[in-house]
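In: got a predicted structure plus its sequence, pasted below:
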Amino acid sequence: MRNRRNIRGRQTNTERKKRLFSAFLLILSIVALTGGTYAWFTNNQSISNDDISIGVKPGSVLKISTDATPNSWKDTIVLDDIINADYTYGVTRYNNYPTMYRPVSSAGYVNSNGFGEFFLGHISKKITGGYKISAEAVTEQDGSAGYLLSFDLYFKTGSNQVLNLDARNSRIRYKHQETDRNTTEGIENAVRMAFIYQGSIVDESDVHNIQALHGDSTSAIKIWEPNDDVHNTSAIAAAKEFYNLTINDGDVVSYEGVKAAIPENLGISLGVPNSTYFESLGTKLISTHKTTADEISLFNINDGVSKVRVYLWIEGQDVDCENEVSGTSFEIDLVFNSANIL
């Protein structure tokens, strides 16, 4: 009897271990489903951009600078000018020049410091099917640690002018490098740039107050979407999988930017309208085609020195922001000009 009870007890323990092991495997399966990342190319995050050229059209009445200090005014600036901008005039500098870009999103809001509001997104698969998104606010910082390019750009002119972005000669394009993990073109189609007018001062020698200019009006922001009509095959597939959109190359695809932090435990579905967390950019967004872009009127700037806050980021809510184009590089050329105010 004792031996039979011991055998029965051993069998019970074995069965219990089998059940526990099965439950453990089930937990592992759930973790695998919920822990994976899909859209917003979070699968591979090494997007680089170290080739930046920003200039004014030849013959323009404009001069540009990254710090508005004496002897800093030029016709063209590059990344080193952003990195080395002189802010020793009693104002804190917030020039962010990341070594690695990650997808963020913005609905085009401006806070009381004159900074744009951006959110770093995280995408994961839901157990019940589909995908969920969470997002955290991005804090402005100075230096190379960060997720998007941001800096101050100053314009000097001798009269009141309309500041224009010459989109015909400005380019954001894919740039293959030997260090790229991928050779799929398309990252340039997910890039956005924002320009926020911060104000003007007539006296160009008043560097402290020029650098301290900051607006807080959302009406003072313009967001540029270049290459809005170009999508590669993987982006077309991603549009269907993540947003249930059927698109073709040549289509212009509208999107809603993230406007508030999204807690992960809410399980907010990706691609499903939710006015609490997502919003269309409306008239703040100016989209241009790849081959037929024209000039974009940004702001009226006054005689003297005007400050504009500039951002460049990978828009996670764009269907072109997907894993196949991660691990690549892009380069930008911006050209500004101006015209007399009518």
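Out: Okay, I see it.
In: sketch out the low-pLDDT regions of the stretch 101-250 of the chain for me.
Out: 176-183 (pLDDT under 70).
In: tell me where the stretch 101-250 of the chain has strands.
Out: Ranges of strands in the stretch 101-250 of the chain, per DSSP state E, counting those that start in this stretch, are 104-105, 119-125, 131-137, 149-157, 161-166, 171-174, 191-201, 221-225.
In: what residue spans form the domains of the chain?
Out: 1-35, 36-340 (automatic domain parsing).
In: look up how far Leu312 lies from Ser200.
Out: Noted for Ser200: a distance of 23 Å to Leu312, by Cβ to Cβ, to the nearest Å. The C-beta positions use only the backbone N, C-alpha and C, and glycine is treated the same way.
In: who has more neighbours out of those two?
Out: Set side by side, Ser200 and Leu312 show more neighbours around Leu312, with 23 against 20, by other Cβ atoms under 10 Å.
In: who does the more buried one form a beta bridge with?
Out: Using DSSP bridges, the bridge partners assigned to Leu312 are Leu149, Met193.
In: correct me, but it touches Arg192?
Out: Yes - counting by Cβ atoms under 8 Å, Leu312 does reach Arg192; the two are 7.3 Å apart.
In: report the central residue of the protein.
Out: Per Cα atoms, centre = their mean, the C-alpha nearest to the average position across the chain is that of Trp313, at 2.6 Å.
In: was I right to think that residue contacts Arg192?
Out: Yes - between Trp313 and Arg192 there is a contact under Cβ under 8 Å: 5.7 Å.
In: sorry, back to before: among the domains of the chain, which is the most enclosed?
Out: Using mean count of other Cβ atoms under 10 Å, the stretch among the domains of the chain with the greatest mean number of neighbours is domain 36-340 (a mean of 18).
In: how distant is that one from the center of its chain?
Out: What separates the centre of domain 36-340 from the centre of its chain is 5 Å, taken as Cα atoms, centre = their mean, to the nearest Å.
In: so how far does stretch 244-251 reach from one end to the other?
Out: Stretch 244-251 has an end-to-end distance of 15 Å (Cα to Cα, to the nearest Å).
In: other residues contacting it?
Out: Asp229, Val230, His231, Asn232, Ile236, Ala239, Lys240, Val253, Gly271, Val319 (Cβ atoms under 8 Å, 6 or more residues apart in numbering).
In: residue contacts, the fourth one?
Out: Spelled out, that is Asn232. By Cβ under 8 Å, 6+ apart, the contact set of Asn232 is Thr184, Glu185, Gly186, Asn189, Asp249, Asp320, Glu324, Val325.
In: could I get the strands of the stretch 101-250 of the chain as JSON lines with distance to Gly267?
Out: Compiled in JSON lines, the strands of the stretch 101-250 of the chain are given as follows (distance: least, Cβ to Cβ, whole Å):
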{"stretch": "strand 104-105", "distance to Gly267": "18"}
{"stretch": "strand 119-125", "distance to Gly267": "10"}
{"stretch": "strand 131-137", "distance to Gly267": "5"}
{"stretch": "strand 149-157", "distance to Gly267": "31"}
{"stretch": "strand 161-166", "distance to Gly267": "39"}
{"stretch": "strand 171-174", "distance to Gly267": "34"}
{"stretch": "strand 191-201", "distance to Gly267": "27"}
{"stretch": "strand 221-225", "distance to Gly267": "29"}
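In: so which of the ones you listed is nearest Thr283?
Out: Shortest distance between Thr283 and these, using Cβ to Cβ, is found for strand 221-225: 9.2 Å.
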